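> I need the structure of the sequence given here:
(one chain, ligands or ions: 1)
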Amino acid sequence: MDKLRIRGGRPLIGDIQISGAKNAALPLLAACLLSDETLTLTNLPHLADISTMANLLAQHGVDIRLNGDEGAGSQGRTIELNAGSITSLEAPYDLVRKMRASVLVLGPLVARFGQAKVSLPGGCAIGPRPVDLHIKGLQAMGAQIEIEGGYVLAKAPAGGLTGAEFVFPQVSVGATENLMMAACLAKGQTTLVNAAREPEIGDLAKCLIAMGAVIEGAGTDRIRITGVDRLHAATHEVVGDRIEAGTYAMAAAITGGDLHLLGGKLDHIRAVATALVPAEVVFQETEQGFRVRRANGALHGVDVMTEPFPGFPTDLQAQMMSLMCVAQGASMITETIFENRFMHVPELMRMGANITVHGSSALVRGVPKLTGAPVMATDLRASVSLVLAGLAAEGETVVNRIYHLDRGYERIEQKLSACGADMERLRETS
Ligand code: UD1
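Coordinates of the predicted model:
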């Protein structure tokens, strides 16, 4: 398994092109199942999770054409998906267990074909992550659902799904996306109340509208979808990755560098920029994106709590913790979205961090410096938080099991090395 070797202590200075968002691309790929005409997505990031979703779609019978290589840079890759001849309505366990977002095929398949059999994703490193809201929402639209042998068996009534009002008891990004897609082909109007407001939802709605869907209110907590008989061909550019941009913003701050994040949208990580103002980190909007650097040298501890958008994203919590490890003073970091999302804590402590966890909060007392160490993490954002810590640490850090990074960060070592990081991928053959 590949490792990443980092020699820390170098400020990162330069420009980084932000890739298309993984979390936007995954539901957009699933959206191809809603039409028998071709969906073309541009600015697609080259990531392991995208390949997993493409493999799942190919297994359903989607005809896929991929253009552009992984070095395509700012343009990313272009994918053409045609779901004109679907051969299987089953998403098997072997593919779904690799990636929870596979469950996003459920809504489109039931809406267009009247039935689907999708494996339950099972547990993952950051908690149990159930799919009950996806199921309850489809039931509200008339689907009959049974759980059998680890699979969700969903069937629409003879006339297809019907629009309904569904009130989310808790905000869910994936369930909002699944139900929004299903509602596009349901009869009549669907209203999703307490819907997720993440920019990726807005991006999906934009693509669906280009395909002929009728959607109002995406980006607010109340989305209204009026079903249509069919969707048609469209071309859509995947929105920039706000989590990648936020991660590199923290890389600038933790190394005392100055990064210009091209294609980054400050509006999409406003809560992060706001939280970091009292930490003495400066965000400056530019024509091409935004710039990040420290204000006066030292960082200061600040408190943050993760929340659904527009709050502080859980996907930047681990990176924020690395940053706070080297700030002056203390910081309280509270995780409200996922249980079990502090796996980076023991590894950061092996690098010299001072962190105490009480339930869903971590008290981070800043230390003057971190020291390099061999470390490992079991999820994507935890892994990248160790990369950030390694960039700031004295000496050498080896991040093991970096296949997690490859799931969500496109060419991370090339992007950061180009800005002065001393890091290299150690390839292992076995
Ligand atoms: C998406 C993101 C992930 C991010 C998360 C929260 C993608 C591909 N992934 O994941 O990176 O960390 O949003 O911003 O976009 N829940 C239920 N029942 C459900 C669904 C969710 O209880 O049916 C709970 C989850 O366990 C979790 C919370 O709701 O505690 C939020 O989960 P959700 O927003 O659904 O996350 P994902 O869509 O899986």
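
> quick check, T42 in contact with V239.
No. Using Cβ atoms under 8 Å, T42 is not in contact with V239; the gap is 11.2 Å. Yep, even glycine has a C-beta here, placed from its N, CA and C like the rest.

> of those two, who's got more company?
V239 (24 against 16; other Cβ atoms under 10 Å).

> and the residue lying closest to that one once chain neighbours are set aside, helix, strand or coil?
Take V239 and drop its neighbours on the chain: the residue closest to it by Cβ to Cβ, 6 or more residues apart in numbering is D203, 4.2 Å away. Put simply, D203 is helix when judged by DSSP: H, G, I helix; E, B strand; the rest coil.

> after whichever strand or helix holds L261 comes which helix or strand?
According to DSSP states H and E, L261 maps onto strand 258-262. Following strand 258-262 in sequence order, the next helix or strand is helix 270-276 (DSSP H and E).

> tell me which residues in the following helix or strand past that following helix are buried?
Counting by DSSP H and E, the next helix or strand C-terminal to helix 270-276 is strand 281-285. Using 16 or more other Cβ atoms under 10 Å as the test for burial, strand 281-285 gives 281-283.

> export only the CA atoms of the very next helix or strand once past strand 281-285, formatted as CSV.
Using DSSP H and E, the next helix or strand after strand 281-285 towards the C-terminus is strand 289-294. Below are the C-alpha coordinates for strand 289-294, written out as CSV (Å, rounded to 0.1, in the frame of the first residue of the first chain):
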residue,chain,number,x,y,z
GLY,A,289,-10.7,32.3,-6.3
PHE,A,290,-9.3,33.2,-2.9
ARG,A,291,-6.0,33.7,-1.1
VAL,A,292,-5.2,32.5,2.4
ARG,A,293,-2.3,33.4,4.7
ARG,A,294,-1.7,34.2,8.4
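
> so what strands line up beside strand 289-294?
Take DSSP bridges as the rule and strand 289-294 pairs in its sheet with strand 258-262 (antiparallel), strand 281-285 (antiparallel).

> got a list of contacts for the first one?
Contacts of strand 258-262 with the rest of the structure, by Cβ atoms under 8 Å, 6 or more residues apart in numbering, involve 11-18, 74, 245, 248-249, 251-252, 286, 288-293, 419.

> if you set the cut-off to 6 Å instead, what comes out?
Here strand 258-262 makes contact (Cβ atoms under 6 Å, 6 or more residues apart in numbering) with 12-13, 15-18, 245, 248, 252, 288-293.

> of those residues, which is the nearest to L276?
Nearest to L276 out of those is V292 (Cβ to Cβ; 8.5 Å).

> residues of the stretch 201-350 of the chain that sit close to the ligand?
With Cβ under 6 Å from any ligand atom as the criterion, the stretch 201-350 of the chain meets the ligand at residues 314-315, 337-338.

> among those, which two are most distant?
D315 and F338 (9.8 Å).

> between these two, point out the one with more neighbours.
A direct count of neighbours by other Cβ under 10 Å for D315 and F338 places D315 higher, at 22 against 19.

> phi, psi of the more buried one?
phi -70, psi 0 (degrees, to the nearest 10).

> distance check, it against A382.
Counting by Cβ to Cβ, to the nearest Å, the separation of D315 from A382 is 11 Å.

> need the three-state assignment for the residue of the chain found nearest the ligand.
Nearest residue of the chain to the ligand, counting by Cβ to the nearest ligand atom: G174, 2.7 Å away. For G174, the secondary-structure state derived from three-state DSSP is helix.

> do A30 as well
helix.

> quick check: it vs R77, distance?
Taking Cβ to Cβ, one finds A30 at 17 Å from R77.

> need the buried residues of strand 281-285 in a markdown table with distance to A373 and pLDDT, can you?
Formatted as a markdown table, the buried residues of strand 281-285 follow (distance: Cβ to Cβ, whole Å; pLDDT from 0 to 100):
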| residue | distance to A373 | pLDDT |
| --- | --- | --- |
| V281 | 25 | 98 |
| V282 | 30 | 97 |
| F283 | 30 | 98 |
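
> put together TSV for these, with distance to D229 on each row.
Shown next, in TSV, are these (distance: Cβ to Cβ, whole Å):
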residue	distance to D229
V281	51
V282	52
F283	46
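
> and the strands in the stretch 301-430 of the chain?
Secondary structure of the stretch 301-430 of the chain (DSSP state E, counting those that start in this stretch): strands located at 304-305, 330-334, 354-358, 361-365, 374-376, 396-400, 422-426.

> which of those sits closest to R224?
Closest of these to R224 is strand 304-305, at 30.3 Å (criterion: Cβ to Cβ).
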